[in-house]
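*Asks:* mind looking at a prediction? Sequence and model below.
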Amino acid sequence: ASSAHAAYASNRRDVRVGGLQSTAISACNPGNTAWRHLPNILTIGRVAALPPLVASFYFSKASLVHVPGILFAAIALTDFADGYLARRWSVQSEFGAFLDPVADKLLVCTCLVMLAGELGVIVVIPTVVIVCREIAVSALREWMATKAAVSQVSVSWSGKLKTATQMAAIQLLMLCVPGLHIRAALHMQTSILVRMGLGLLNLSALLTVISGWQLVKRAARAQNFPTMTF
């Protein structure tokens with residue numbers, strides 16, 4: 001009788017522990033809770049953060065010149081976080097797939113326009129190249145979607161390298177360029193970082209052209225257009 005009672009108690013304990021484990025796992029599963037919306041919330045937040053970023057770029061106080069660079073870094077971090085969490089939790093959505101690249105392009109184009117206004121033609125030229133490429137590739141992907149072949153123009157390694165170089169360049173420039181006249185007055189040495197940022201920006205413009213041309217060739221092959229050998 002005592003062994004039967006012990007077995008019964010053990011079974012009750014296993015059921016109780018198992019139930020608690022099951023509840024805990026269910027509670028931590030983002031697919032079953034409101035947490036599944038977090039990746040999309042981060043993406044929306046990236047867009048909503050653009051006005052404060054623009055405003056901070058034109059702060060005139062010396063103590064605030066680093067704010068734009070810090071804000072840009074935080075916004076760029078959400079770009080990594082939303083994609084990582086969506087894949088980790090398997091909560092990818094059509095809305096997220098649409099908004100994520102839009103948010104990225106808005107961030108990049110906004111920063112490039114502000115930097116071009118401060119540094120002039122040296123930034124205007126790569127900015128024109130990058131913006132025109134983004135518009136052209138977006139149009140190309142929309143057209144390929146109508147042909148049910150959008151997978152043929154998905155992001156490639158060269159596109160990812162372009163994005164990484166672009167973000168690194170903008171990060172350096174956003175840390176150094178805002179309030180540049182104030183920094184000069186304070187004898188702050190930023191010229192080396194600015195040159196590094198400009199070098200990376202021009203490299204990213206070159207990668208932008210290369211990756212865009214690769215997408216055009218892939219689209220042409222998918223639609224049986226004449227083969228492009230260059």
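*Replies:* Nice, thanks for sending it over.

*Asks:* centre-most residue in this protein?
*Replies:* Central residue of the chain (CA atoms, centre = their mean): D79, 3.4 Å from the mean position.

*Asks:* surely that one and V102 touch.
*Replies:* No: at 11.8 Å, D79 does not count as touching V102 under the criterion of CB atoms under 8 Å. Where C-beta positions appear, they are placed from N, C-alpha and C, glycine not excepted.

*Asks:* and for A205, the neighbour number?
*Replies:* Residues within reach of A205, counting by other CB atoms under 10 Å, total 21.

*Asks:* what about this protein, any weak spots by pLDDT?
*Replies:* For the chain, applying pLDDT under 70 flags the ranges 1-34, 60, 179-190, 226-230.

*Asks:* picking up where we left off before, what distance do you get for the residue nearest to the centre of the chain to V128?
*Replies:* Note on D79: its distance to V128, by CB to CB, to the nearest Å, is 23 Å.

*Asks:* what's the burial count for the spatially closest residue to T110 that is not a sequence neighbour?
*Replies:* Nearest non-adjacent residue to T110, counting by CB to CB, 6 or more residues apart in numbering: L50, 5.6 Å away. Applying other CB under 10 Å, we find 16 residues neighbouring L50.

*Asks:* mind listing what L50 touches?
*Replies:* L106, L107, T110 (CB atoms under 8 Å, 6 or more residues apart in numbering).

*Asks:* what's the answer for T208, then?
*Replies:* Taking CB under 8 Å, 6+ apart, we find T208 in contact with V129, I130, R133, K162, Q166.

*Asks:* likewise for H66?
*Replies:* L175.

*Asks:* tally of neighbours for G96?
*Replies:* Neighbours of G96 using other CB under 10 Å come to 19.

*Asks:* same for the helix or strand harbouring it, what does it pack against?
*Replies:* Using DSSP states H and E, G96 maps to helix 94-119. In terms of contacts (3 or more CB pairs under 8 Å, 6 or more residues apart in numbering; DSSP states H and E), helix 94-119 is packed against helix 38-48, helix 50-57, helix 67-88, helix 121-146, helix 157-176.
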